[in-house]
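> I would like the atomic coordinates for the input below:
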Amino acid sequence: MILQITTTKPNARQLGYLLGKHPDRVQEKSLSFGKAHIFFPEANENRCSAVLLLDIDAVTLSRQQKRNYADSFQLGHYVNDRPYVASSFLSTAIAKVFGSALNGNCKHDPALVEQPLPLEITISAVPVRGGLSFLKQIFEPLSYKVDAQSTVLDEQFPEWGLSPYFELKLQNTLPLRDVLRHLYVLIPVMDVNKHYYIDEQEIEKLLAKGKGWLENHPSLKQITNRYFKRRQSLLRKALNSILSENNDADCSKDVKEETLEQKLSLHEQRHEKVVTILKQRKVSSVLDLGCSSGKLLHRLLKESSFQKITGMDISLRTLEIAKRRLNWDSMTPKKRERIELLHGSLTYRDKRLEAYDAAVAVEVIEHFDLPRLSAFEQSLFRYTRSKTIIITTPNREYNVLFENLDPEKLRHNDHRFEWTREEFENWSKRVASDYGYQFYIVPIGPEDEEYGAPSQMAVFTR
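Here you go, the predicted structure:
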């Protein structure tokens, strides 16, 4: 991987002083994962270019990473792009090789540190999740001119689309120290990956390298989220630290409110959404299909507008738990008249379930295999046929944001599938068309710009 920094300022060779490297020498530095070579292909008074060539030791890298791939692609520690693309290895090399410049030190001429320079930066291969639009999103607010070129994966197979790798060229007039700090933070942000374990020490690194520019960046949250590989606990701590240091009371308040909202369980957020929609639809009778231990039933009973509430589940044990949760034996006669618990299967027609204003299935469909899901569709949409039907299910795309979940695995051992947003929308569209409903989809939980919300809800109306 190659990073080239060029300036065209008068006395351009002073770039060597700033970097702490002699323009007339080829230099080398050993790193734990390979070697860094530093040289100047041109160095005169009008134009000077410094190149950092990072040579990754693929054998050492494969040994270090073998454990990380134990549960996935078995040759992943041998077959990967890390030796060839700009990644956290390059950020580490910048800190090791250009440490004095990164920290704003120049023994030869300290005044040079603060001097804006016309700079051109070229990085040979950058993997970017989000493509050119994301590159512009993170660099243009910092006044960079962005030029990024990508090619098709294979000329013979253009249908494969464009390569996810870009040759990135940036232009700006800034102190070199600022440019290096931008690169140090943003290079690993591009592909949301780091080659080392991330802990709270990373917060201090981000505060130091992001000070003076990151706190005012319009994509602050997204950059910080990617920097910590979407670990939400570190994200919250970092945002609170950044915003408190910036004395931005309003933004800090927003972050604190968001943190408090995340303390409300996702299950409770789903239930609140369901209740809100049912009240908007002026529903008086409700079916809770797959009611499990009765949490939603307990919430529905608090609303006097719901005059008839029925919960149904295939498990007798969970129905007994629901009775305990609802204080069934000590329930007042007036409340007891409003609620009923039924034992039965959701995949067969059941005349007891007909004539209800609304039917709700919260995090149920993902427990069905496809043949049983098809049977559930008919039971619910063809026979029960409530005027309002609400279904929620996990958003599989969001799984990468859960700290303790392997993105390749499902959230629960009993889940038969988990759908992306597109898959859920396509299913909802087909079901609505087949059975004469209209629908809309509502996200549930904190939304990520790239992966959406952790749960998704479809509201069908007849």
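
> run a quick neighbour tally on residue 38.
21 (other Cβ atoms under 10 Å). Just so you know, the C-beta spots here come from the backbone N, C-alpha and C atoms, and that holds for glycine as well.

> part of a strand, is it?
Yes - per DSSP: H, G, I helix; E, B strand; the rest coil, residue 38 lies within a strand segment.

> what sits closest to it if chain neighbours are left out?
Leaving aside its sequence neighbours, residue 38 sits nearest to residue 27 (Cβ to Cβ, 6 or more residues apart in numbering; 4.6 Å).

> hmm, that neighbour is touching residue 37, no?
Yes - with contact defined as Cβ atoms under 8 Å, residue 27 reaches residue 37; the gap is 7.4 Å.

> tell me where the stretch 351-462 of the chain has strands.
Ranges of strands within the stretch 351-462 of the chain are 358-362, 388-394, 438-444, 455-461, based on DSSP state E, counting those that start in this stretch.

> need those strands in a markdown table (columns: mean neighbour count).
Formatted as a markdown table, those follow (neighbours: other Cβ atoms under 10 Å):
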| stretch | mean neighbour count |
| --- | --- |
| strand 358-362 | 24 |
| strand 388-394 | 24 |
| strand 438-444 | 15 |
| strand 455-461 | 22 |
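
> and of these, who's closest to residue 46?
Between residue 46 and the strands of the stretch 351-462 of the chain, the tightest spacing by Cβ to Cβ is seen for strand 438-444, at 54.9 Å.

> against which helices or strands is the closest one packed?
helix 266-280, helix 421-435, strand 455-461 (3 or more Cβ pairs under 8 Å, 6 or more residues apart in numbering; DSSP states H and E).

> and the angle for the first one with strand 438-444?
When you say that, I think you mean helix 266-280. Orientation note: helix 266-280 sits at an angle of 140 degrees relative to strand 438-444 (axes from the mean of the first three to the mean of the last three Cα atoms, to 10 degrees).

> check which element follows helix 266-280 along the chain.
Remark: after helix 266-280, the chain's next helix or strand is strand 285-289, criterion DSSP states H and E.

> partners of that following strand in the sheet?
Here strand 285-289 is paired, per DSSP bridges, with strand 308-313 (parallel), strand 358-362 (parallel).

> still on that earlier bit, so for residue 27 and residue 37, which sits in the more crowded spot?
residue 37 (16 against 13).

> quick check: beta-bridge partners of that one?
Assigned bridge partners for residue 37, using DSSP bridges, are residue 28, residue 53.

> test my guess that it contacts residue 53.
Yes - contact criterion Cβ under 8 Å: residue 37 and residue 53 qualify, at 4.3 Å.

> any common contacting residues for the two?
Overlap between the contact sets of residue 37 and residue 53, as judged by Cβ atoms under 8 Å, 6 or more residues apart in numbering, is nil.

> so which elements touch the one helix or strand residue 202 maps to?
For residue 202, the host element (DSSP H and E) is helix 201-210. Helices and strands touching helix 201-210, by 3+ Cβ pairs under 8 Å, 6+ apart, are helix 176-191, helix 220-227, helix 232-245.

> strand partners (parallel or antiparallel) of the host helix or strand of residue 341?
For residue 341, the element it lies in under DSSP H and E is strand 339-343. Using DSSP bridges, strand 339-343 pairs in its sheet with strand 308-313 (parallel).

> may I have the strand it pairs with as PDB, with CA atoms only?
Written as PDB, here are the backbone C-alpha positions of strand 308-313 (Å, rounded to 0.1, in the frame of the first residue of the first chain):
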ATOM      1  CA  LYS A 308     -61.300  -7.200  24.400                       C
ATOM      2  CA  ILE A 309     -57.700  -8.500  24.600                       C
ATOM      3  CA  THR A 310     -56.800 -12.100  23.700                       C
ATOM      4  CA  GLY A 311     -53.400 -13.700  23.900                       C
ATOM      5  CA  MET A 312     -52.600 -17.000  22.100                       C
ATOM      6  CA  ASP A 313     -49.600 -19.200  22.300                       C
END
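
> quick check: next helix or strand after it?
Following strand 308-313 in sequence, per DSSP H and E, is helix 316-325.

> now that next one: buried residues?
Using 16 or more other Cβ atoms under 10 Å as the burial criterion, the residues of helix 316-325 that qualify are 318, 319, 322, 323.

> now it against strand 308-313, angle please.
Using the same axes, to 10 degrees: helix 316-325 against strand 308-313 is 140 degrees.

> hang on, the earlier thing: can I get the strands of the stretch 351-462 of the chain in JSON lines with distance to residue 129 and mean pLDDT?
Listed next are these as JSON lines, based on distance: least, Cβ to Cβ, whole Å; pLDDT from 0 to 100:
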{"stretch": "strand 358-362", "distance to residue 129": "32", "mean pLDDT": "96"}
{"stretch": "strand 388-394", "distance to residue 129": "21", "mean pLDDT": "96"}
{"stretch": "strand 438-444", "distance to residue 129": "20", "mean pLDDT": "93"}
{"stretch": "strand 455-461", "distance to residue 129": "21", "mean pLDDT": "95"}
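
> which stretch among those strands comes nearest residue 219?
Nearest to residue 219, of these and by Cβ to Cβ, is strand 438-444 at 20.0 Å.

> most tightly surrounded among the helices and strands packed on strand 438-444?
strand 455-461 (a mean of 22; mean count of other Cβ atoms under 10 Å).

> just the CA trace of stretch 38-55, in PDB.
The C-alpha coordinates for stretch 38-55 follow below in PDB (Å, rounded to 0.1, in the frame of the first residue of the first chain):
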ATOM      1  CA  ILE A  38      10.100   6.100   3.000                       C
ATOM      2  CA  PHE A  39      11.500   7.800   0.000                       C
ATOM      3  CA  PHE A  40      11.200  11.000  -2.100                       C
ATOM      4  CA  PRO A  41      10.700  10.400  -5.800                       C
ATOM      5  CA  GLU A  42      11.100  14.100  -6.400                       C
ATOM      6  CA  ALA A  43      12.500  16.700  -4.100                       C
ATOM      7  CA  ASN A  44      13.300  20.200  -5.500                       C
ATOM      8  CA  GLU A  45      12.500  23.700  -4.400                       C
ATOM      9  CA  ASN A  46       9.300  23.800  -6.400                       C
ATOM     10  CA  ARG A  47       7.800  20.400  -5.900                       C
ATOM     11  CA  CYS A  48       8.500  17.700  -3.300                       C
ATOM     12  CA  SER A  49       6.800  14.300  -2.900                       C
ATOM     13  CA  ALA A  50       7.200  11.900   0.100                       C
ATOM     14  CA  VAL A  51       6.100   8.300  -0.300                       C
ATOM     15  CA  LEU A  52       5.300   5.800   2.500                       C
ATOM     16  CA  LEU A  53       5.400   2.300   1.100                       C
ATOM     17  CA  LEU A  54       4.100  -0.300   3.500                       C
ATOM     18  CA  ASP A  55       5.200  -3.800   2.900                       C
END
